[in-house]
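Chemist: Mind folding the following:
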Amino acid sequence: MTNSLHLVLIPLIPFLGFLLNGIAGRRLPKKAVTSIALAASFLSFAVVANAAFAFKSLTLPYLEKCPIPWIATGNLRVDFSFALDSLTLTMLLIVTGVGFLIHLYSVGYMEHEEGYWRFFAYMNLFLFFMTVLVLAENFLLMFVGWEGVGLASYLLIGFYFRKDSASDAGKKAFIVNRIGDFGFLIAMFLVLQHFGSLSFNAVATQLAAQQAWQGGVLTLIALSLVLGAAGKSAQIPLYVWLPDAMEGPTPVSALIHAATMVTAGIYMVVRTHAIFDRSAVALTVVSVIGALTALFAATIGLVQHDIKRVLAYSTVSQLGYMFLACGVGAYSAAIFHLVTHAFFKALLFLAAGSVIHALGGEQDLRKMGGLRKKIPVTYWTMTAGVLALAGIWPFAGFFSKDAILFAALRSGSFGPVLYCAGLLTALLTSFYMFRLWYLTFWGELRTPEAHVHESPWTILLPLSVLAVLSLCGGWIGLERFGAWLGTSAGNTGAPVAGTETLELGLSILAVSVALVGWFVADRIYRVNKKTASGFQKSVPFGYRLVEGKYFVDEGYQAVLVSPLLIFSRYGLGLLVEKGLIGGAAQILSGAANFSGAILRTLQSGNLRSYAGWLTAGAVLLLLVVLHGQLHGLILQLH
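Modeler: Coordinates of the predicted model:
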């Protein structure tokens with residue numbers, strides 16, 4: 001049965017789609033471009049589905065290696081190899097399954113956009129690199145996919161490259177992620193030095209055989225990996241790129257910044273959990289970063305006016321939940337929330353895109369309203385996403401978020417603090433999502449000149465599928481999901497005896513908190529709409545602070561970017577480039593000019609002058625020769 005699986009096809013098929021559309025797409029009809037892009041994403045998903053059906057009969061972890069070793073020098077051997085276990089398969093189903101739905105959605109959303117073929121080429125390229133990242137059996141191959149999704153993200157975010165804001169956002173995402181990638185590289189070098197191998201399985205095997213290995217270099221490796229994960233998964237302090245990435249097309253927001261790329265950091269931490277489990281310091285850092293990011297981003301989401309930016313900060317916040325789960329050792333809960341989040345956040349971004357499509361490109365919540373009867377399918381599907389993200393039972397987000405909060409509370413002496421931060425984040429999440437819901441669909445339409453229309457079926461079909469998944473995607477429960485992941489995620493998610501009553505009480509509390517958020521949003525944005533403006537006037541400084549996103553970007557600009565630009569412009573530009581390099585070039589050119597001016601006088605064109613110079617040269621040469629012979633004769637006489 002194992003021979004029937006060819007894991008290399010999973011990334012190879014999207015790569016072929018990228019090549020076909022990237023090379024010939026400009027000259028192909030639009031239907032051909034569409035067919036290639038959809039076929040590439042669907043066939044990749046079909047191969048993953050085949051692997052899922054064959055999964056139980058495999059000897060795990062199932063490995064597929066390139067016949068030729070990738071790197072072989074001295075004692076180091078790195079194979080170009082893919083590995084399949086339950087964690088990998090879970091991620092692949094999300095990446096290719098949700099990825100295909102977003103590809104299908106893009107057909108309707110991007111239909112009239114310039115560069116249609118280029119967009120789908122980039123989408124297939126992203127799918128290729130993301131599947132490589134997930135399938136990688138070693139750090140080095142994962143790093144190839146890691147860098148590749150960074151490149152594809154840069155291309156997709158900056159798709160509208162004629163807009164300065166879009167091109168700047170693409171560059172910002174690329175540069176900020178390079179900071180995180182530096183941490184990944186340091187970790188990889190330390191792993192190679194400490195373990196002599198870059199294979200995930202080899203590292204885990206050595207750690208299992210050496211139970212005494214704790215802290216020290218393992219902490220340094222883990223913290224370096226945290227830096228890499230914070231860049232990809234938009235955690236404090238490297239979260240600033242993700243909100244600006246909303247400048248890309250809405251399908252890009254759904255694919256890269258909700259369902260796949262931003263979860264790469266979470267996946268990497270869980271994949272390397274054997275290292276993190278040996279460092280209490282690293283786990284504490286992860287949990288604190290996650291809790292702070294979840295709460296911090298949720299406060300910013302309260303007052304954003306751009307519908308996509310509200311969802312962007314929500315993504316940052318929910319990724320904080322996943323980090324929190326990893327930090328308290330609840331890896332299964334982290335992946336469980338990753339899966340459910342992929343469903344409802346992709347749905348919310350795509351539904352937001354449908355709203356924007358219906359309003360002719362409008363993204364400001366203050367110019368929406370009254371849309372629930374005009375675009376009913378979008379309304380009901382987005383409602384499912386809002387309820388799931390808010391943590392309302394029985395939608396998917398309730399089950400996964402509840403599992404994280406319970407694990408946080410039981411994580412130790414610091415657990416209650418983490419739990420309270422997570423619970424407060426849940427309250428804020430519910431409020432800002434229902435705020436978005438009311439401002440978008442309720443009340444009166446605030447742009448009466450807009451010609452509101454429902455989206456085509458290529459947009460509504462993915463919305464409907466994701467709405468169903470957002471409803472029932474969490475019903476599997478953490479216990480069964482943890483058993484499915486098994487040791488690939490470090491734990492089974494099995495329930496703890498004697499905690500059933502506590503867990504039920506905490507679940508009721510979490511739902512109650514979500515309902516309070518709904519109630520407050522209802523009072524402010526449906527019943528008494530003047531309350532919001534009154535609140536703004538009562539706390540102008542606080543509101544301005546949060547609306548300005550705590551001016552973190554401005555702080556980075558003042559502390560890091562501006563000094564770097566000044567140093568580059570005056571330090572490197574004036575002193576090094578113009579002073580040192582330019583001065584050396586001028587000296588060399590001056591010497592060449594001076595010597596040329598002297599030698600030029602010898603080129604008079606006068607034959608008698610040339611004969612004179614020739615005679616003088618011959619005499620000089622003769623004198624040198626005679627002087628040498630005379631000197632030798634004198635030495636012989638002595």
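Chemist: quick one, helices of the stretch 351-500 of the chain?
Modeler: Ranges of helices within the stretch 351-500 of the chain are 376-390, 396-409, 415-441, 457-472, 477-485, 500-522, based on DSSP state H, counting those that start in this stretch.
Chemist: How about the stretch 201-350 of the chain?
Modeler: In the stretch 201-350 of the chain, the segments counted as helices under DSSP H, counting those that start in this stretch are 217-232, 241-244, 250-254, 264-271, 273-276, 280-301, 307-327, 331-358.
Chemist: repeat for the stretch 501-638 of the chain
Modeler: Going by DSSP H, counting those that start in this stretch, the stretch 501-638 of the chain shows helices at 530-538, 540-547, 552-556, 562-566, 582-602, 607-637.
Chemist: Can you add mean neighbour count and give those helices back as JSON lines?
Modeler: Where you see a C-beta, it was placed from the backbone N, CA and C, and this is true even at glycine. Below are the helices of the stretch 501-638 of the chain laid out as JSON lines (neighbours: other C-beta atoms under 10 Å):
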{"stretch": "helix 530-538", "mean neighbour count": "11"}
{"stretch": "helix 540-547", "mean neighbour count": "13"}
{"stretch": "helix 552-556", "mean neighbour count": "14"}
{"stretch": "helix 562-566", "mean neighbour count": "11"}
{"stretch": "helix 582-602", "mean neighbour count": "10"}
{"stretch": "helix 607-637", "mean neighbour count": "10"}
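Chemist: now for those helices, which one comes closest to residue 423?
Modeler: helix 540-547 (19.7 Å; C-beta to C-beta).
Chemist: Quickly list the domain ranges of this protein.
Modeler: 292-547, 608-638 (automatic domain parsing).
Chemist: Most tightly packed of those?
Modeler: For the domains of the chain, the largest average neighbour count (mean count of other C-beta atoms under 10 Å) is found in domain 292-547, namely a mean of 20.
Chemist: can you tell me how far residue 395 sits from residue 475?
Modeler: Per C-beta to C-beta, to the nearest Å, residue 395 is found 10 Å from residue 475.
Chemist: what does residue 466 give?
Modeler: 16 Å.
Chemist: Please tabulate the helices of the stretch 201-350 of the chain in a markdown table, including the columns mean pLDDT and distance to residue 103.
Modeler: Formatted as a markdown table, the helices of the stretch 201-350 of the chain follow (pLDDT from 0 to 100; distance: least, C-beta to C-beta, whole Å):
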| stretch | mean pLDDT | distance to residue 103 |
| --- | --- | --- |
| helix 217-232 | 94 | 22 |
| helix 241-244 | 88 | 22 |
| helix 250-254 | 87 | 8 |
| helix 264-271 | 94 | 19 |
| helix 273-276 | 93 | 32 |
| helix 280-301 | 94 | 28 |
| helix 307-327 | 93 | 19 |
| helix 331-358 | 92 | 12 |
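Chemist: Out of those helices, which is closest to residue 435?
Modeler: Among the helices of the stretch 201-350 of the chain, helix 307-327 sits nearest to residue 435 (C-beta to C-beta), with 8.1 Å.
Chemist: Which secondary structure elements does the closest one sit against?
Modeler: helix 241-244, helix 250-254, helix 264-271, helix 280-301, helix 331-358, helix 396-409, helix 415-441 (3 or more C-beta pairs under 8 Å, 6 or more residues apart in numbering; DSSP states H and E).
Chemist: Enumerate every residue touching the closest residue to residue 250 other than its chain neighbours.
Modeler: With C-beta to C-beta, 6 or more residues apart in numbering as the criterion, residue 250 has its nearest non-adjacent residue at 3.2 Å, and that residue is residue 353. The contact partners of residue 353, taken as C-beta atoms under 8 Å, 6 or more residues apart in numbering, are 105, 109, 250-251, 253-254, 459.
Chemist: give me that answer again for 10 Å
Modeler: Applying C-beta atoms under 10 Å, 6 or more residues apart in numbering to residue 353 gives the contacts 102, 105-106, 108-109, 249-254, 307-308, 363, 378, 455, 459, 463.
Chemist: By mean pLDDT, which helix or strand of the chain comes out lowest?
Modeler: One helix or strand of the chain scores below all others by mean pLDDT, DSSP states H and E: helix 530-538, with a mean of 67.
Chemist: related to what we said a few turns ago, let me have the helices of the stretch 501-638 of the chain in a markdown table, extended by distance to residue 56.
Modeler: As requested, those are exported to a markdown table (distance: least, C-beta to C-beta, whole Å):
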| stretch | distance to residue 56 |
| --- | --- |
| helix 530-538 | 54 |
| helix 540-547 | 50 |
| helix 552-556 | 48 |
| helix 562-566 | 54 |
| helix 582-602 | 69 |
| helix 607-637 | 93 |
